[in-house]
Structures are given as structure tokens and as C-alpha cells.
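[1] here is a sequence together with a model predicted from it:
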Amino acid sequence: MRRRLTPYLFLLPFFIPFLVFYVASILYAVYLSLFVQHGLRPPIYVGIQNYLRVLSDANFGSSLLTILKFGVIQIPLMLLIALLLALYLDGLKSAGWRAFLSGSYFLPYAMPSVIGGLLWGYLYSKGISPFDQVLSGLGLKLNFLGSRGLLWSLGNIITWTWTGYNMVILYAALRSVPAEVYEAARIDGATSGQVVRYIKLPMVAPALLLAALFSVIGTLQIFAEPFVLQSLTYVPTDLTPNLYIYVTAFNYGNFNYAAALAVSLSVITFIFSLAMLWLQSWQRRRW
């Protein structure tokens, strides 16, 4: 009996915080979403009324559409850069140089999102940004934080932050390929381009889909960067779903409806995750 319980005792330091801070918070959000409260009056049970309101909420729909358009461009570009960096590192002969570059590429991810947002906010600001000063000297005037450039600027911040993280995933997959496979390919006369196309890319495909899954989930949860940029420029409240949920909860004090929005966003994220996992399973069967 003691031997059967021993593994679970080792898992308790993880499961207790997981249940208290994650599962309990989700259940409480679901509970809140079933009520409506006006001011200091007692909450009123309304069932799925808040969720029906979510379906007709134009602002929430607009935030989802905006972030999906954003992800269609930003995610493939970020994964392409991460893949190229991983392939470059895998081809380096010097272990010391490879370790230095991999750490340098990963460093932006180690920086908190708020700090990264403040840093790039400074670089985007008019008058004080070195970019703005250089462009002004060339006679160019670009508003990085204007209505047209805001999403592109946000995409640059996200790409700068997360490319190194995805590069590590892809690089680890490349390093797991047995050296004998490359040796056999070279003996057969394969060129470097053929090794990349017929060996490295197929072997790294599952890791690439995993990175894409993490990227989709992360894109739907973007909050810190646009929230920080609010202090520098006008950021629409429906720019991202999480920003709209935050505004609904803390600016308007409608915590019950914000909980319904959060639960709905979780369901949407879960559906996207299932679709990506199905695609990964299909890809494995194909290869």
C-alpha cells in the first residue's frame, strides 16, 4: 500500500497548487458566469444568459477577428524565422559559438512581457525613439503606434519575444536526429540542400506543429503588450480578447460577464488546440 501511494506523494507539490490556483479558479469563473450582479445588490442567477450575450457581442467578435487576422500573418512568419535560426545553429561546427547564439536568440523570451513592451514602446515613441530620429533625418515620418501601424508594431514585439522560444523547440528536435542518418545521406551523395529538404524538415515537422500549437494558444492570450502600449498611444479595447475581458471586468466592473467571456475564450482556445492536435496526428500518419 505504501509503495502504491509513494508516487502520488511526490506529485502532491504539483497537484495541490494546480488544483488551488488553476482548477479552482476555472470553476469559480464558471460559477460567476452564471450570475448577474448590479452594484451592491445580491447576485441573480441567470443561467446561460451571459453566454448568449457573448454570442451577440460585436466587440468580442471584433477582438477575435482581429487576433485571428494577426495570427495568420505573425505566426507563420515567426515560425519561419525560428526554423531558419534552428537550421543555422544545427549547421554550425563550433559548439561554443552555437551555445552563445542559442542563448542570445532565447534571451528576449527570458525577459518579462511587460519589460519587453516598455522597451519597444520607447523605441516606437515619437521624438525620443532612435528609430524616429534616424527616419526623421532621412525625411521619413512613420507612426509606429498609429492606427495603421499598431498591429504591425505589436506583431514585431511578439515575434521578437517568442521566436527564440520556438527556435529552442525546433533546435532540440534537430539535435535529436541520429548522426548516422546524416552520414548515410552524405555517403549516398546528398547535398546540404537535400539533407535539409529530405531529412531535417520531415524530422522537425512534429516539433514545428507543436510550436504552432503553442503559438496559436499564446496569440489568443495576448494581453501584456497592448496593455503596456496603452500608456503611449490609443489602443482599442477590442484589440485582443484578453484586453477586452480586462476592460469589461475592471473598467466597467462587470465581473460576471467578464467571467463568461473568459470561459468562452477558453473554449475557443480548446477547439483550436484540438484542431492542431488532429493536424499533428494526421501529419504523423502521413509521414
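    Good, I have the coordinates. Numbers count the residues shown, from 1 in each chain.
[2] please make it C-alpha for all contacts and neighbour counts, starting now.
    OK.
[3] how about the strands of the chain, start to end?
    35-36, 44-45 (DSSP state E).
[4] now the nearest residue to Phe227 once chain neighbours are set aside: how far from Ser63?
    Beyond its immediate neighbours in the sequence, the residue positioned closest to Phe227 (CA to CA, 6 or more residues apart in numbering) is Leu243, lying 7.0 Å away. Leu243 sits 9 Å away from Ser63 when distances are taken as CA to CA, to the nearest Å.
[5] repeat for Ile187
    Taking CA to CA, one finds Ile187 at 54 Å from Ser63.
[6] pick out whichever of those two has more residues nearby.
    Taking neighbours as other CA atoms under 10 Å, Ile187 and Ser63 compare with Ser63 leading, 21 against 8.
[7] per-residue pLDDT of the more buried one, please?
    Listed pLDDT for Ser63 reads 94.
[8] that one: what's it in contact with?
    Shown in contact with Ser63 (CA atoms under 8 Å, 6 or more residues apart in numbering): Asp238, Leu239, Thr240, Pro241, Tyr244.
[9] which residue is nearest the middle of this protein?
    For the chain, the residue nearest the mean C-alpha position is Gly218 (2.2 Å; CA atoms, centre = their mean).
[10] can you tell me how far it is from Thr240?
    12 Å.
[11] check Tyr122 too.
    For Tyr122, the distance to Thr240 - CA to CA - is 21 Å.
[12] which one's more surrounded, those two?
    Between Tyr122 and Thr240, counting by other CA under 10 Å, Thr240 is the more crowded of the two (28 against 17).
[13] surely the more buried one meets Leu68?
    No: Thr240 lies out of contact with Leu68 (CA atoms under 8 Å); the separation is 9.5 Å.
[14] okay, and the common contacts of those two?
    Leu220.
[15] among the contacts of Ser63, which one lies nearest to Phe270?
    Pro241 (14.8 Å; CA to CA).
[16] correct me, but that closest one touches Gln221?
    Yes: the criterion here is CA under 8 Å, and Pro241 meets it with Gln221 at 7.4 Å.
[17] before we move on, back to that, identify the contacts common to Leu243 and Ser63.
    Counting by CA under 8 Å, 6+ apart, nothing touches both Leu243 and Ser63.
[18] any regions of the protein where pLDDT drops low?
    1-2, 135-140, 142, 283-287 (pLDDT under 70).
[19] now do the helices in it.
    2-18, 24-32, 49-55, 58-91, 95-110, 113-124, 130-137, 150-175, 179-187, 192-195, 201-220, 224-229, 241-246, 255-286 (DSSP state H).
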